[in-house]
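Enquirer: got a predicted structure here, sequence first:
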Amino acid sequence: MKAIKLYDTTLRDGAQGEGISYSVMDKIRIAQELDRLGVHYIEGGWPGSNPKDMEFYLKMAKKPLKLSQLVAFGSTRRPQIKALEDSNVKGLLKSAAKVITIFGKTWDLHVKDVLKTTLDENLAMIKDTLGFLNAKGLTVFYDAEHFFDAYRANKEYSLKCLLAAQEAGAKAIVLCDTNGGTITSEISKVIREIHPSIKVWLGIHCHNDSGLAVANSIAAVEAGADMVQGTINGYGERCGNADLIPIIANLQLKLGLNCIPSNKLKELTHVSRFISEISNMRIKNDQPYVGESAFAHKGGVHINAVMKNPKTYEHIDPALVGNHRRILVSELGGKTGILLRAKALELDLSKEDPQTKRILKLVQALENNGYHFEAAEASFELLMKKALKKYKKFFELEGFRVVVEKQPKKMTSEAIIKIRVKGAKEHTAAEGDGPVNALDNALRKALKDFYPTLSKMRLSDFKVRVLDEKAGTAARVRVLIQSEDETDTWSTIGVSENIIEASWQALVDSVEYKLLKDKVNDE
Ligand SMILES: [Zn+2]
């Protein structure tokens, strides 16, 4: 089985993605995570270009990686000087990285218009820089920037650049589709053409401007490439880089090629989500292999078939990449969806049971009114338990009032609430940043002595959406609340023409779900 080398550039290319900014600590955590996954090479940044990247290398020198090798990135020396005198090259030496990637020009247009030097001097810059680093005992890779454009413009010169790098001792020559504009068939054709001239590893580095970065990387491997460069979740400038997550899964599961240790494949979902958290970038639900919806089934016919044999609507077993199957509850899901959810909640229900039909009718009626249980699994669980009488009330509302007051310089919100809990009457008032927050505060204040674990939960997200806009002033709103405690996150829903009422429903579900989860009624 051929082994493919993986080269991650999340910490350099990925860090250039819009909205991403890594601290040195973030970079260290990401590098350690990639090391655990078993990626062969981790490019940490450009030590010659900024102090933060240099600090990262100096810190990493004291935290050796186990499976991966750390790579420092830099450019060929400037024209008309010695490699030894170039500050960027000095930075690479100072980084203490044992593997260095040098990027250089291969496109005559760039040599003339950007570097403003001669074609021969550019070849000398490649040779000198790589030769100098090679003589220092370092492993050197050459990133041939804009190679596919270069090859299209001037085949002969672009190849001369690759051969200069090869002669100077490069261990890998990496073809970069820097502008991301090359089509898959051309990638395959070019690689097959130049492959016989390259005696060292051939690598591929694709950007996603044409939406083809993953496909192009896979095609390159099929045409003979030995190394794939990319970033986790495809982070990168403009439209991003090739996403290593589907690349790893495709190479390993579809092409039977080895890239990470096979027992690490099930870490892919975790790694993708971990790095998305550190990058502060929300992961898309439909992210191939690792997204929340990657193995989520909604249509009734699909659900039915998946239950009989998952292969009917799943290209792989989700567990192979650490993801899981989800059966979405919705009017489309029909009875099977309800039965599956019931089973997951360890509730006894069968298809023939009249209760199943009743719950299905209830869900359908609620969905027609704008409830949406796919994103509110906690509310759905409460609904089922209530319908099956597996639920004991924690408190009863007698009434609440919310007062919002606007003064010239500030706005205040206060909620007054009356509830009955464990036989006692509670009457509390609380202020908040807004009416919903005030209501949340008042409800918890009323309940806290009876249910102390509520102090451990908090609301982490609040979303409002207007439904059926055509109804004009009577439009209903759907409120989704996300709550969390030390161990779990859960979502609840409320729908009403009144935003406070919709929020109240979601709020009560959230509190009740927490109490049900903590089994406070079982004591
Ligand atoms: Zn790049």
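Expert: Looks like it came in fine.
Enquirer: pLDDT weak spots in the protein?
Expert: 1, 329-334, 468-474, 521-523 (pLDDT under 70).
Enquirer: buried ones in the top helix by length along it?
Expert: Among the elements of the chain assigned as helix by DSSP state H, the one spanning the most residues is helix 499-517. Residues of helix 499-517 classed as buried by neighbour count (16 or more other Cβ atoms under 10 Å): 499-500, 502-517. (Each C-beta comes from the backbone N, C-alpha and C, glycine too.)
Enquirer: and what of stretch 185-201?
Expert: Counting neighbours by 16+ other Cβ under 10 Å, stretch 185-201 gives 186-188, 190-191, 194, 198, 200 as buried.
Enquirer: of these, which is the nearest to residue 92?
Expert: residue 200 (19.7 Å; Cβ to Cβ).
Enquirer: mind listing what the closest one touches?
Expert: Contact analysis of residue 200 by Cβ atoms under 8 Å, 6 or more residues apart in numbering lists 166, 170-173.
Enquirer: also residue 31?
Expert: Counting by Cβ under 8 Å, 6+ apart, residue 31 has contacts 11, 42, 44, 60, 65, 68, 70.
Enquirer: the stretch 201-350 of the chain: strands as residue ranges?
Expert: 201-206, 227-230, 296-297, 326-327 (DSSP state E, counting those that start in this stretch).
Enquirer: dump the ones you listed to JSON lines, plus distance to residue 491.
Expert: Compiled in JSON lines, the strands of the stretch 201-350 of the chain are given as follows (distance: least, Cβ to Cβ, whole Å):
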{"stretch": "strand 201-206", "distance to residue 491": "37"}
{"stretch": "strand 227-230", "distance to residue 491": "33"}
{"stretch": "strand 296-297", "distance to residue 491": "15"}
{"stretch": "strand 326-327", "distance to residue 491": "14"}
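Enquirer: to residue 121, which of those lies closest?
Expert: Nearest of the strands of the stretch 201-350 of the chain (Cβ to Cβ): strand 201-206, 24.4 Å.
Enquirer: show me what that closest one is packed up against.
Expert: strand 5-8, strand 172-177, helix 184-194, helix 213-223, strand 227-230 (3 or more Cβ pairs under 8 Å, 6 or more residues apart in numbering; DSSP states H and E).
Enquirer: which of the strands of the stretch 201-350 of the chain is buried the deepest?
Expert: Mean neighbour count, computed with mean count of other Cβ atoms under 10 Å, is highest for strand 227-230 among the strands of the stretch 201-350 of the chain, reaching a mean of 28.
Enquirer: off-centre distance for that strand?
Expert: 19 Å (Cα atoms, centre = their mean, to the nearest Å).
Enquirer: partners of that strand in the sheet?
Expert: strand 5-8 (parallel), strand 201-206 (parallel) (DSSP bridges).
Enquirer: what's the closest of these to residue 223?
Expert: strand 201-206 (9.0 Å).
Enquirer: quick check: angle from that closest one to helix 213-223?
Expert: Relative orientation of strand 201-206 versus helix 213-223 (axes from the mean of the first three to the mean of the last three Cα atoms, to 10 degrees): 160 degrees.
Enquirer: helix or strand: which one has residue 491?
Expert: strand 489-496 (DSSP states H and E).
Enquirer: how about the strands of the stretch 201-350 of the chain, which one is nearest residue 115?
Expert: strand 201-206 (20.0 Å).
Enquirer: what's the angle between that closest one and helix 184-194?
Expert: Going by the same axes, to 10 degrees, strand 201-206 makes 160 degrees with helix 184-194.
Enquirer: contacting residues around strand 201-206?
Expert: For strand 201-206, using Cβ under 8 Å, 6+ apart, the contacting residues are 5, 7, 9, 141, 143, 171-178, 180, 182, 187, 191, 194-195, 212-214, 216-217, 220-221, 224-230, 241-242.
Enquirer: hang on, the earlier thing: to residue 126, which of the strands of the stretch 201-350 of the chain lies closest?
Expert: Closest among those, using Cβ to Cβ: strand 201-206, at 15.8 Å.
Enquirer: C-alpha coordinates for the closest one, CSV please?
Expert: Backbone C-alpha positions of strand 201-206 (Å, rounded to 0.1, in the frame of the first residue of the first chain) are rendered in CSV as follows:
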residue,chain,number,x,y,z
TRP,A,201,8.9,13.4,-3.8
LEU,A,202,6.3,15.2,-5.8
GLY,A,203,3.8,17.3,-3.7
ILE,A,204,0.6,19.1,-4.5
HIS,A,205,-0.7,22.3,-2.8
CYS,A,206,-4.1,23.5,-4.0
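Enquirer: so what's the gap between that strand and the chain middle?
Expert: Distance, centroid of strand 201-206 to centroid of chain: 24 Å (Cα atoms, centre = their mean).
Enquirer: ok, stretch 119-138 next?
Expert: For stretch 119-138, the distance to the chain centre is 38 Å (Cα atoms, centre = their mean).
Enquirer: in that stretch, which residues are buried?
Expert: So, applying 16+ other Cβ under 10 Å, buried residues of stretch 119-138: 122-134, 138.
Enquirer: ok but residue 53 is inside a helix, no?
Expert: Yes. When classified by DSSP: H, G, I helix; E, B strand; the rest coil, residue 53 is found to be part of a helix.
Enquirer: can you give me the helices for the stretch 201-350 of the chain?
Expert: 213-223, 244-249, 268-279, 300-308, 334-344 (DSSP state H, counting those that start in this stretch).
Enquirer: actually the stretch 401-523 of the chain, not the one I typed
Expert: 435-447, 499-517.
Enquirer: which secondary structure elements does the shortest one sit against?
Expert: This points to helix 435-447. strand 396-406, strand 411-421, strand 424-432, helix 499-517.
Enquirer: what angle do it and strand 411-421 make?
Expert: Going by the same axes, to 10 degrees, helix 435-447 makes 30 degrees with strand 411-421.
Enquirer: can you list the residues that contact helix 435-447?
Expert: Contacts of helix 435-447 (Cβ under 8 Å, 6+ apart): 394-395, 400, 402, 404, 413-417, 419, 421, 426-432, 454-455, 459, 462, 500, 503-504, 507-508, 511.
Enquirer: between that helix and strand 424-432, how many degrees?
Expert: Using the same axes, to 10 degrees: helix 435-447 against strand 424-432 is 150 degrees.
Enquirer: dump helix 435-447 to CSV, keeping only the CA atoms.
Expert: Taking Å, rounded to 0.1, in the frame of the first residue of the first chain, the C-alpha atoms of helix 435-447 are listed here in CSV:
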residue,chain,number,x,y,z
PRO,A,435,-36.9,41.4,29.2
VAL,A,436,-35.9,37.8,28.5
ASN,A,437,-32.8,38.0,30.7
ALA,A,438,-35.0,39.6,33.5
LEU,A,439,-37.5,36.8,33.1
ASP,A,440,-34.7,34.2,33.2
ASN,A,441,-33.3,35.8,36.4
ALA,A,442,-36.7,36.0,38.1
LEU,A,443,-37.5,32.3,37.3
ARG,A,444,-34.2,31.0,38.6
LYS,A,445,-34.4,33.2,41.7
ALA,A,446,-37.8,31.7,42.5
LEU,A,447,-36.5,28.1,42.0
